[in-house]
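Enquirer: Only the shape, not the letters, is given here:
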């Protein structure tokens, strides 16, 4: 129905690789509320009541935030570690250059 354009996406929430979507199929006045990961549906609720569809959607949207929490934390930690590694490498390069300058200065001293 989605590929054929028969279902209309009314709402969507994405958190990390998780998402929730509320679709409306006007031909049958039916709502489909889906919970998915990486665009693969793994839970779908069908209802003809808009208030029920909204409630399920709100619950699924909240669930996506909970499911994605550790995924998002992991991404942030990986970014922080990569930044720390880059800063350490920069400081190591600076220390190496300073040591090379010291070595050159010592070698240039008379009497050595």
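Expert: Noted; the coordinates are in hand. These figures come from a predicted structure and were not determined experimentally.

Enquirer: Determine the three-state secondary structure at residue 34.
Expert: strand (DSSP: H, G, I helix; E, B strand; the rest coil).

Enquirer: From residue 22, how far out is it?
Expert: 8 Å (CB to CB, to the nearest Å). C-betas here are computed from N, CA, C, even on glycine.

Enquirer: what's the answer for residue 93, then?
Expert: Relative to residue 22, and taking CB to CB, residue 93 is found at 53 Å.

Enquirer: If you count surrounding residues, which of those two has more?
Expert: residue 22 (23 against 10; other CB atoms under 10 Å).

Enquirer: Contacts only, for that one.
Expert: Residues in contact with residue 22 (CB atoms under 8 Å, 6 or more residues apart in numbering) are 9-12, 31-34, 53-54, 56-57.

Enquirer: Spatially central residue for this protein, please.
Expert: Centroid check for the chain by CA atoms, centre = their mean gives residue 16 as the closest residue, at 3.3 Å.

Enquirer: Which of the helices or strands spans the residue lying closest to that one once chain neighbours are set aside?
Expert: Excluding its sequence neighbours, the residue lying closest to residue 16 (CB to CB, 6 or more residues apart in numbering) is residue 68, at 3.2 Å. Using DSSP states H and E, residue 68 maps to helix 50-108.

Enquirer: Quick one: list the elements packing against that helix.
Expert: Using 3 or more CB pairs under 8 Å, 6 or more residues apart in numbering; DSSP states H and E, the elements in contact with helix 50-108 are strand 8-15, strand 18-25, strand 30-37, strand 40-47.

Enquirer: For residue 104, find the nearest of those.
Expert: strand 8-15 (54.9 Å; CB to CB).

Enquirer: now the helix holding residue 68, how far from the centre of its chain.
Expert: Offset of helix 50-108 from its chain centre (CA atoms, centre = their mean, to the nearest Å): 13 Å.

Enquirer: any idea of the angle it forms with strand 30-37?
Expert: The directions of helix 50-108 and strand 30-37 differ by 20 degrees, with axes from the mean of the first three to the mean of the last three CA atoms, to 10 degrees as the criterion.
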